[in-house]
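> Sharing a sequence plus its predicted fold:
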Amino acid sequence: MNIALIKAGGIGQRMGGAVPKQFVTIQDKPIIIYTLEQFESHPSIDEIVVVCLEGWHEILLDYCRKYNITKVKKIVNGGSTSLRSIRNGILSLDDRAYSDIVLVHDGNRPLISQEIISDVLVQCEKYDSAVAAIPCTDEVMVINTEYYGSDKFMNRKELYRIQTPDAYRLSILRELFDKATEEQLENIGATNTLMIEQGKQVHFAKGSELNIRLTTQEDIIQCWALLVMEKRIRYEG
């Protein structure tokens, strides 16, 4: 069984406004629904678990009914950090098989494609874990905080930018979070980082420059423009 674990527990401080970022609407549809629709329509995803901000569960259920999202089987409360939220989702899967694959994805990455989901699943089947990643195309420098500049650069050919989804056998996730310390749960932002922190390897899968994470108002504008262009291409050819 392949389970999508969608993180929608953040409050969106950097985006501002009274509505959590994952519930902000773009073209009259909440961001979280764009995300859920991609997993809903993927033939290899069997069910969806959403880690949701407390107090927004019923709103999310209403949206799922409105947009015919039928694969959402559980909605659980988010935690105080990203890893604590993921852990809450993993704990809700105590009745699932150790061999099941869990894809962890940011609810505020609504432009996730079917191709990315498929490749993450393929790589996870092969290696028991996988994360969407893309080559770093920009020059990267190490900041010197004394003068807000740099005298050191990094080789971009050796750097990859990590996205979501990242996927794991459930047995691996349970072991990771059983071993995770309070400091790790508080300060590490992603499961793949926790993997490396605990001495394990991370395997890359296909990512995309379009698979953007919406955290600021500028990201919303970019997402809106991409959706408009997608519709224009679809209808005009």
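Great, that's in hand.
> Report the buried residues of the helix or strand bottoming out on mean pLDDT in the chain.
Lowest on mean pLDDT, DSSP states H and E among the helices and strands of the chain sits helix 217-236, with a mean of 86. For helix 217-236, burial by neighbour count (16 or more other Cβ atoms under 10 Å) applies to 219, 220, 223, 227. Using the backbone N, CA and C atoms, a C-beta is placed for each residue, glycine as well.
> Of these, which is the nearest to residue 116?
Comparing the buried residues of helix 217-236 against residue 116 with Cβ to Cβ places residue 223 closest, at 15.9 Å.
> Residue 202 versus the closest one, what's the distance?
27 Å (Cβ to Cβ, to the nearest Å).
> Ok, residue 179 next?
16 Å.
> How about residue 172?
11 Å.
> Quick check: neighbours shared by the two?
Here residue 172 and residue 202 have residue 129 as joint contacts, going by Cβ atoms under 8 Å, 6 or more residues apart in numbering.
> show me where the chain has strands.
2-8, 25-26, 29-30, 47-52, 72-77, 101-106, 129-135, 140-141, 153-154, 160-169, 204-206 (DSSP state E).
> Distance to residue 38, mean neighbour count and mean pLDDT for these - can I get that in JSON lines?
Listed next are these as JSON lines, based on distance: least, Cβ to Cβ, whole Å; neighbours: other Cβ atoms under 10 Å; pLDDT from 0 to 100:
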{"stretch": "strand 2-8", "distance to residue 38": "9", "mean neighbour count": "25", "mean pLDDT": "97"}
{"stretch": "strand 25-26", "distance to residue 38": "14", "mean neighbour count": "14", "mean pLDDT": "94"}
{"stretch": "strand 29-30", "distance to residue 38": "13", "mean neighbour count": "19", "mean pLDDT": "96"}
{"stretch": "strand 47-52", "distance to residue 38": "10", "mean neighbour count": "25", "mean pLDDT": "97"}
{"stretch": "strand 72-77", "distance to residue 38": "13", "mean neighbour count": "17", "mean pLDDT": "96"}
{"stretch": "strand 101-106", "distance to residue 38": "9", "mean neighbour count": "26", "mean pLDDT": "98"}
{"stretch": "strand 129-135", "distance to residue 38": "13", "mean neighbour count": "22", "mean pLDDT": "97"}
{"stretch": "strand 140-141", "distance to residue 38": "30", "mean neighbour count": "12", "mean pLDDT": "94"}
{"stretch": "strand 153-154", "distance to residue 38": "33", "mean neighbour count": "11", "mean pLDDT": "93"}
{"stretch": "strand 160-169", "distance to residue 38": "10", "mean neighbour count": "23", "mean pLDDT": "97"}
{"stretch": "strand 204-206", "distance to residue 38": "14", "mean neighbour count": "21", "mean pLDDT": "97"}
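> contacting residues around the least confident helix or strand of the chain?
15-16, 24, 26-27, 31, 34, 110-111, 210, 212-214.
> rerun that using 7 Å as the cut-off
Residues outside helix 217-236 that contact it (Cβ atoms under 7 Å, 6 or more residues apart in numbering): 15, 24, 26, 27, 110, 111, 210, 212, 214.
> wait, which of those is closest to residue 135?
residue 210 (14.6 Å).
> For burial, what's the neighbour tally of that closest one?
Residue 210: 14 surrounding residues under other Cβ atoms under 10 Å.
> Kindly report the same for residue 109.
By other Cβ under 10 Å, the residues close to residue 109 number 25.
> Let me see the contact set for it.
Residue 109 touches 35, 164, 211, 212, 213, counting by Cβ under 7 Å, 6+ apart.
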